[in-house]
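*Asks:* Quick one, structure for this:
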Amino acid sequence: MFVIEGINDLKTLSDVIGGELFSNNERFTGITTDSREEVNGAVYLALKGESFDGDIFCKDAIDNGSIAVITDNPETLGRFILVKDTYDALLKIASHHHKQINPKTIAITGSNGKTSVKEMMGKILDSDKTVITKSNENNQFGIPYTILRCKSSTENLVLECGARHDGDFKKIAEHFEFDQLVITNINNSHVGIFGSVKNIIRTKLELIKAVKDSGNIIEAAFKNLSKNRELSSKTNEIKLYDVNDLDLKTTWVYHCERDHDLNEKYLISLNSKKENKQIQFEASIEHNCINAVISSLTLSQFGYDFDQSMKDLSGFNNPLKNRFHIHKISDYLVIDDTYNANPTSMQSAMKTINDWNDERGRVVILGDMYDLGDHASEEHKKVIDYALRMNKLRKLILVGDKFKQEINEFSEKERDKIVQIQNKVDDFPFTELIRESTKKSKGVVHRYFKSEGAIVLIKGSRAMKMERFVESIMKYLQ
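*Replies:* Residues are numbered from 1 along each chain as shown. Predicted coordinates for the structure are as follows:
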């Protein structure tokens with residue numbers, strides 16, 4: 001249940017959301033979107049989505065203690081507020097709440113890194129006065145839910161903004177104001193849903209309209225937002241703009257390299273016209289170096305010391321599971337990076353483990369990547385090629401039909417390192433995987449897992465449920 005700042009009666013609530021009240025005016029305790037939640041005098045908001053219709057559960061909500069419902073169905077029985085669109089009602093409620101509390105608000109979007117940047121900022125900011133997006137609640141519903149979790153004591157709000165459809169951010173930009181927008185990067189992730197990279201760019205940049213005139217933008221994706229909306233081929237520039245006229249204020253040139261071949265030690269250099277910095281930084285994956293720099297530069301605009309922030313983030317481990325989480329079991333490192341995947345993040349994860357100064361061989365288990373549209377074949381082929389060029393690769397285990405379609409493009413010698421598995425949903429115990437791998441590769445995989453130790457990376461799109469491999473491997477090795 002969400003308690004709404006400054007609204008506690010049905011008439012005021014109806015006015016805020018532009019609805020028609022079919023009830024006497026009564027006081028309420030909060031807003032709930034879950035009809036199963038036992039509440040004392042809350043109002044149930046009957047949201048609708050692609051796979052759910054909250055209007056079906058209005059009676060259940062009343063039975064569980066809701067005092068009234070917000071619905072778009074004029075035939076609803078009992079006390080209700082009638083609106084044209086219940087999602088719009090949610091946005092209006094969250095917008096009112098946001099304005100009443102008025103926290104310093106940072107919105108983060110991008111194809112990769114936004115979750116890590118959000119978690120890094122959460123580590124630096126005072127946790128008692130800060131609300132950040134929970135887990136992966138970053139879609140059109142998760143954004144207002146996060147805002148509604150703010151309390152009167154909240155001073156900082158960090159919103160992770162993920163789009164699922166072309167135009168998802170249009171309504172978000174109409175209802176909310178941000179002090180800062182962060183764009184980590186943009187690539188062809190989810191291009192199958194959006195139709196083109198151009199549509200992805202347009203959707204992400206809708207959030208610029210939500211930035212206050214006094215606010216700014218930090219981004220690492222474009223050539224220059226002041227002049228064009230073209231993606232930059234450079235991966236080493238971070239830019240700061242005033243949002244008022246998109247004036248480019250500062251460009252930082254970023255460079256990162258491993259420090260003396262130590263696995264998790266990096267040297268970061270950051271140069272601008274005004275200053276040059278060199279920082280020793282510890283990270284489990286190289287991408288977290290630039291994520292930390294973006295986080296620290298963002299917070300420096302609000303008075304936080306950049307050097308101290310980088311120091312505090314050194315050795316950062318994402319508290320959310322399935323994001324390059326390293327399990328150490330005997331002579332093995334099992335890396336659970338199963339939360340999601342796209343071509344960029346897959347290659348980054350493989351590069352990280354290949355670059356480690358560790359003599360153990362690498363076993364890479366990859367599941368199909370989704371939402372790549374017409375690019376799917378090309379991108380899956382590129383990922384296979386990248387994996388096969390890892391100089392420490394022992395075995396590449398590919399899961400799913402999309403990878404299967406590309407295997408024959410490689411030579412017989414290259415295919416000798418590949419084990420292909422079609423099943424992507426049903427339980428697949430690791431002992432069965434070993435038996436299949438042994439049959440296809442004359443016992444090579446079994447030897448690698450059972451006698452010499454290995455570094456095992458597991459990654460794939462969310463729909464592939466690659467976490468089952470992590471669970472099976474952990475049981476097998478323990």
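*Asks:* Am I right that Phe57 is in contact with Ser35?
*Replies:* Yes: with contact defined as C-beta atoms under 8 Å, Phe57 counts as touching Ser35 (3.6 Å). Bear in mind the C-beta positions are built from the backbone N, C-alpha and C, glycine included.
*Asks:* Neighbour count for those two, which is higher?
*Replies:* Set Phe57 next to Ser35 and count neighbours by other C-beta atoms under 10 Å: Ser35 wins out with 21 against 18.
*Asks:* which SSE is the most centrally placed residue in the chain in?
*Replies:* Nearest residue to the geometric centre of the chain (C-alpha atoms, centre = their mean): Thr115, 4.2 Å. Assigned by DSSP states H and E, Thr115 belongs to helix 114-124.
*Asks:* could I get that helix in PDB with only the CA atoms?
*Replies:* What follows is helix 114-124, C-alpha atoms only, in PDB (Å, rounded to 0.1, in the frame of the first residue of the first chain):
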ATOM      1  CA  LYS A 114      21.600   1.500 -15.600                       C
ATOM      2  CA  THR A 115      21.000  -1.000 -12.800                       C
ATOM      3  CA  SER A 116      24.600  -0.900 -11.700                       C
ATOM      4  CA  VAL A 117      24.700   2.900 -11.800                       C
ATOM      5  CA  LYS A 118      21.500   3.100  -9.800                       C
ATOM      6  CA  GLU A 119      22.800   0.700  -7.200                       C
ATOM      7  CA  MET A 120      26.200   2.600  -7.000                       C
ATOM      8  CA  MET A 121      24.400   5.900  -6.400                       C
ATOM      9  CA  GLY A 122      22.300   4.100  -3.700                       C
ATOM     10  CA  LYS A 123      25.600   3.100  -2.000                       C
ATOM     11  CA  ILE A 124      26.900   6.700  -1.900                       C
END
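*Asks:* and it, what other elements does it pack with?
*Replies:* With contacts taken as 3 or more C-beta pairs under 8 Å, 6 or more residues apart in numbering; DSSP states H and E, helix 114-124 sits against strand 104-109, strand 130-132, strand 156-160, helix 287-300, helix 306-313.
*Asks:* any low-confidence regions in the chain?
*Replies:* 261-262, 423-452 (pLDDT under 70).
*Asks:* Following the record's annotation, map out the domains of it.
*Replies:* By the record's domain assignment, the chain is partitioned as 10-85, 102-313, 325-477 (automatic domain parsing).
*Asks:* What is the distance between the second one and the centre of its chain?
*Replies:* Think domain 102-313. Centroid separation for domain 102-313 versus its chain: 12 Å, with C-alpha atoms, centre = their mean, to the nearest Å.
*Asks:* next one: the last one
*Replies:* Its chain's C-alpha centre lies 22 Å from the corresponding centre of domain 325-477 when counted by C-alpha atoms, centre = their mean.
*Asks:* Endpoints of that domain, how far apart?
*Replies:* Terminal residues of domain 325-477 are spaced 17 Å apart (C-alpha to C-alpha, to the nearest Å).
*Asks:* next one: the shortest one
*Replies:* Counting by C-alpha to C-alpha, you get 17 Å between the two ends of domain 10-85.
*Asks:* can you pull the buried residues of the helix ranked longest in the chain?
*Replies:* Looking across the chain with DSSP state H, the single longest helix is helix 86-101. Within helix 86-101, the residues scored as buried using 16 or more other C-beta atoms under 10 Å are 86-98, 101.
*Asks:* Can you redo the domains of the chain as a markdown table, where the extra columns are distance to Val3?
*Replies:* Formatted as a markdown table, the domains of the chain follow (distance: least, C-beta to C-beta, whole Å):
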| stretch | distance to Val3 |
| --- | --- |
| domain 10-85 | 5 |
| domain 102-313 | 8 |
| domain 325-477 | 31 |
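*Asks:* Looking at the ones you listed, spot the one closest to Ile4.
*Replies:* For Ile4, the closest of those is domain 10-85, at 6.1 Å, according to C-beta to C-beta.
*Asks:* Next, the closest residue to Gly142 other than its chain neighbours: phi, psi?
*Replies:* Closest residue to Gly142 apart from its sequence neighbours, by C-beta to C-beta, 6 or more residues apart in numbering: Thr133 at 6.5 Å. When quoted as degrees, to the nearest 10, the phi and psi of Thr133 stand at phi -60, psi 130.
*Asks:* ditto for Asp55
*Replies:* Dihedral angles for Asp55 - degrees, to the nearest 10 - are phi -70, psi -20.
*Asks:* Same check on Glu275?
*Replies:* The phi and psi values for Glu275, taken as degrees, to the nearest 10, are phi -160, psi 160.
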